[in-house]
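In: Below are the sequence and a predicted model for it; my questions follow.
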Amino acid sequence: MAGHTQFGSRAVVLVTLLLSSLLPFSLAANTTIPSSSITFDDDHVKLAVNVPEGSEKADLYFTFEAPAKDHNWAGFGMGTQMDNSLIFVVYRSKDNQGEPTLSPRIGNQHQMPIFTNKVNTTILQGSEVTDDKFIVNFHCMGCRSWDEGEVDATSTSAPFFYALGPEEQGNLQSDDKEFRINRHELHSDIFPLDMKAATGTNGVPVIGSAGDNASTGDDDSDDDDFGGSPRYGGSRGVAFHAFFMSFAFILVFPGGYLFLRLFERVWLHWGIQSFGVLLVFLGVGSGIAVSIREQISPKLTHPHQIIGILTFIVVLTTWTLGLIGHIMFKRKGIPSPIMKFHRIAGPSSITLGFINACIGLAWVGRRGAIIGYIIFSLLVAIVVGSLVMMKNKRKRRRAAMNSSAAQNFREGTTAYSHVRGDSIQGHGPANFAAPPPAYGQSVPLQTFESQPLRTEYYNVQPNK
Ligand code: HEM
Ligand code: HEM
C-alpha cells in the first residue's frame, strides 16, 4: 500500500514536471514573439532582437546568423562605434560539434575586443555551426547597459554593426571565451534596429515570423563611415602608414627618376629620393607600430608585413648604392659599376612597393581601392614614361644635329653652294672647284644607333 502511494505521488510529480516543462513551449507556440530583424544578403548576415517587456534584469534575446565558410569568427555589436560597444563574438567550439562558442566583449579601438563577464549569456536551442554558417540564438541578461555604454530599449533606431573575421586563421576552434581573435576582414556600417517594435513577450526572435519587423540592410561595408569615428582596423595609424607609403612609391620615387632624366641633375634626384626614403622610413615605423599596438598580426608574419620589410631593405640598398656609386664617380670621373646595380634596384623597389600597396589594400578589405590604385599607378607610369621618351627623342635629335657628321654635312653643303653659287637645296655639285673641308680626313661618324638611347650616367656631370 505504502509502495502504491509512493508510486502515485512520483507519477504526479512526473506529470507536473512534464506539464510545466511543456507549458512555455505551448504558450510560446501560440504567442507571437515580437522582434526586429535585418538581413544583409551579400554578406549572408542576419540579426534579430527581442526586447522582453518589463524585464527587471534588462534582458535581450538575439538570433544571429553569419557565414562560417570564409570567416573564422563573426560578431555583432551595440553602439555607434567599435570603442566601448558591447560585442558578441561567435566561433567554433573546440570539438566543433553543435553550438558555437559565444563570447561577450567590450570593443576597443586599438586592440581586439576584450572579454567581459559583466553580462550573462545563455545559448538557446537551434544554435549551431555548419560548414557554411554560424547560427546562435541566445538570451542575454543585463545587456541593456554595461560599464562603458548602453542601448536604449525604447529607441526605434538603436545602433548596431557586425564584423566578420578573416579566413587565414580558419581552424579557430576554442571553448575559451577570451580566445585572442584575429582582426576582422570586414565590418558593416552602423545600422538601426527598432527596439520598440521588438518589445513584448520574451523569446528567441524568429526572422520572417508574424511578429517580426523585418528589414534589409545595405552591405556597403567598405568605407569609413563608422559613426564619424575612425573605423576599427582603419585607424589613424593605419591611415598615416598608408599615406606615407603610397605617396613615396606612387609619386616621390617615380618623380625622382623623372627629374633625373628631365633635368639631368643628380643632386635633384638625390634630394627627391632621399625624401622618399624618409617617407618609407616613417611608413615602416608607423606600420610596425600599428601592427603591435592594434594587435594586427603583431608578430609581423603577414605577407604584407614581410614583403614590406623586404621592400624597405631594397629601398635602403638602392639609396646606399646610388650614393656610393655617385661618390665614386665624382672621385674617379668614370661611371662606377655599382651604378648598374642601382639601376636594377631602383625600379625593383618601386615595383615591390606597388605590389605591396595592393596587398595592403586587399588585407584591409578595400578591393575596390586596388583598381583605383592600379589605374593611378599606370597613369603615373605613362606620364613619366612619355616625358622621358620625349626628352630622349629631343636629345637624340640634338645630338644628331651636333654630330661631326652633321657638321661636316652642313659645312660641305655650304661649301658646295659657295662653289656652285647654288642654294643648299641643290642636288650635288656638277663640278668641284674645291674639295669639301673634311675631304681626305677620317670623319668620326656618329650613327643614330651608336648614340645612347637615353642619357647614361656618364652624361651626368660629376659636379651636377
Ligand atoms: C612597401 C611597403 C608598404 C606599403 C606600400 C604599404 C601600404 C599599405 C596600404 C596601402 C595599406 C592599406 C591601408 C588602408 O587602406 O586602410 C596598408 C595597411 C597596413 N600595413 Fe602596410 N605597407 C607597406 C609596408 C608595411 C610594413 C613593413 C608593415 C609592418 C611591418 C605594414 C603594416 C600594415 C598594417 C598593420 C596595415 C593595416 C592592416 C589592417 O588594418 O588590417 N605595412 N599598408
Ligand atoms: C631609394 C632611393 C632611390 C631610388 C628609388 C632611385 C631610383 C633610380 C632609378 C630608377 C634610376 C634609373 C634610371 C635609369 O635607368 O634611367 C636611378 C639612376 C640614378 N640614381 Fe638613383 N635612386 C635612388 C637614390 C639615389 C641616390 C641617393 C643617389 C645618389 C646621389 C642616386 C643617384 C643616381 C644616379 C647618378 C643615377 C643615374 C645612373 C645611370 O644613369 O647609370 N640615386 N635611380
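Out: On my side now, so go ahead. Ligands and ions are numbered 1, 2, ... in the order given.

In: residues in contact with stretch 320-333?
Out: Residues from elsewhere that reach stretch 320-333, judged by C-beta atoms under 8 Å, 6 or more residues apart in numbering: 266, 269-270, 273, 335-336, 338-339, 341-342, 345-346, 457, 462-463. (Each C-beta comes from the backbone N, C-alpha and C, glycine too.)

In: Any of those residues buried? List them.
Out: Burial by neighbour count, 16 or more other C-beta atoms under 10 Å: within these this picks out 266, 269, 270, 273, 335, 336, 338, 339, 342, 345, 346, 457.

In: Can you tell me the SS state at the closest residue to ligand 1 within the stretch 351-464 of the chain?
Out: For the stretch 351-464 of the chain, the residue closest to ligand 1 is residue 360, as judged by C-beta to the nearest ligand atom, at 2.8 Å. Here residue 360 is helix, with the state taken from DSSP: H, G, I helix; E, B strand; the rest coil.

In: What distance do you get for it to residue 290?
Out: The gap separating residue 360 from residue 290 is 11 Å, by C-beta to C-beta, to the nearest Å.

In: Please apply the same query to residue 187.
Out: 17 Å.

In: again with residue 144
Out: From residue 144 to residue 290 the distance is 34 Å (C-beta to C-beta).

In: Same question for residue 300.
Out: Note on residue 300: its distance to residue 290, by C-beta to C-beta, is 11 Å.

In: which element is residue 321 on?
Out: helix 303-332 (DSSP states H and E).

In: how distant is that helix from the center of its chain?
Out: Distance of helix 303-332 from its chain centroid, counting by C-alpha atoms, centre = their mean, to the nearest Å, is 26 Å.

In: does ligand 2 sit close to it?
Out: Yes - legend: contact between helix 303-332 and ligand 2 by C-beta under 6 Å from any ligand atom is shown at 315, 318, 319, 322, 323, 326.

In: Report the buried residues of that helix.
Out: By 16+ other C-beta under 10 Å, the buried positions in helix 303-332 come out as 304-305, 307-308, 311-312, 314-315, 318-319, 321-322, 325-326, 328-329.

In: quick one: low-confidence ranges for the stretch 101-250 of the chain?
Out: Residue ranges of the stretch 101-250 of the chain with pLDDT under 70: 109-111, 167-171, 182-183, 185, 219-234.

In: residue contacts, the residue most central in space within the chain?
Out: Of all residues in the chain, the one closest to the mean position by C-alpha atoms, centre = their mean is residue 361, 2.5 Å from it. Neighbouring residues of residue 361 by C-beta under 8 Å, 6+ apart: 367, 369, 370, 373.

In: Please determine how far it is located from ligand 2.
Out: Distance, residue 361 to ligand 2, by C-beta to the nearest ligand atom, to the nearest Å: 22 Å.

In: and this protein, what are its domains?
Out: When the chain is parsed with automatic domain parsing, its domains come out as 38-216, 236-400, 404-445.

In: Including distance to residue 32, could those go into JSON lines?
Out: Listed next are the domains of the chain as JSON lines, based on distance: least, C-beta to C-beta, whole Å:
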{"stretch": "domain 38-216", "distance to residue 32": "3"}
{"stretch": "domain 236-400", "distance to residue 32": "38"}
{"stretch": "domain 404-445", "distance to residue 32": "96"}
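
In: Any idea which of these gets closest to residue 31?
Out: Closest of the domains of the chain to residue 31 is domain 38-216, at 5.0 Å (criterion: C-beta to C-beta).

In: Show me how far the closest one is from its chain's centre.
Out: 25 Å.

In: swap in stretch 364-380?
Out: That offset, for stretch 364-380, works out to 11 Å (C-alpha atoms, centre = their mean).

In: Specify which residue of residue 360 and residue 290 has the higher count of neighbours.
Out: Just comparing residue 360 and residue 290: by other C-beta atoms under 10 Å the higher neighbour count belongs to residue 360, 24 against 21.

In: you'd agree that one is up against residue 304?
Out: Yes - between residue 360 and residue 304 there is a contact under C-beta atoms under 8 Å: 5.1 Å.

In: Kindly list the longest helix within the chain.
Out: Criterion DSSP state H: the longest helix present in the chain is helix 367-402.

In: Show me what it is packed up against.
Out: Counting by 3 or more C-beta pairs under 8 Å, 6 or more residues apart in numbering; DSSP states H and E, the packing neighbours recorded for helix 367-402 are helix 253-263, helix 338-363.

In: Just the angle for the longest one relative to helix 367-402, thanks.
Out: Computed by axes from the mean of the first three to the mean of the last three C-alpha atoms, to 10 degrees, the angle separating helix 338-363 from helix 367-402 equals 160 degrees.

In: okay, the angle between helix 338-363 and helix 253-263?
Out: 140 degrees.

In: what is the mean pLDDT for helix 338-363?
Out: Taken as a whole, helix 338-363 carries a mean pLDDT of 94.

In: Report the distance from that helix to the chain centre.
Out: 18 Å.

In: same question, the shortest one
Out: A distance of 29 Å separates the centroid of the chain from that of helix 253-263, by C-alpha atoms, centre = their mean.

In: That helix near ligand 2 anywhere?
Out: Yes - judged by C-beta under 6 Å from any ligand atom, helix 253-263 and ligand 2 are in contact via 253, 256, 257, 260.

In: Thought residue 275 was touching the first one, still the case?
Out: Okay, so that is residue 253. No - shown here, residue 253 and residue 275 do not form a contact pair, counting by C-beta under 8 Å, at 9.8 Å.

In: higher neighbour count, the two?
Out: The neighbour comparison of residue 253 against residue 275 (other C-beta under 10 Å) goes to residue 253, with 27 against 16.

In: residues in contact with that one?
Out: Counted by C-beta under 8 Å, 6+ apart, residue 253 has contacts 273, 276, 346, 349, 350, 353.

In: can you do 10 Å?
Out: Residue 253 makes contacts with 247, 272-273, 275-277, 279-280, 315, 318, 346-347, 349-350, 353-354, 380, as judged by C-beta atoms under 10 Å, 6 or more residues apart in numbering.

In: same deal with residue 305?
Out: Contacts of residue 305 by C-beta under 10 Å, 6+ apart are 284, 287, 288, 291, 296, 297, 298, 299, 356, 359, 360, 363.
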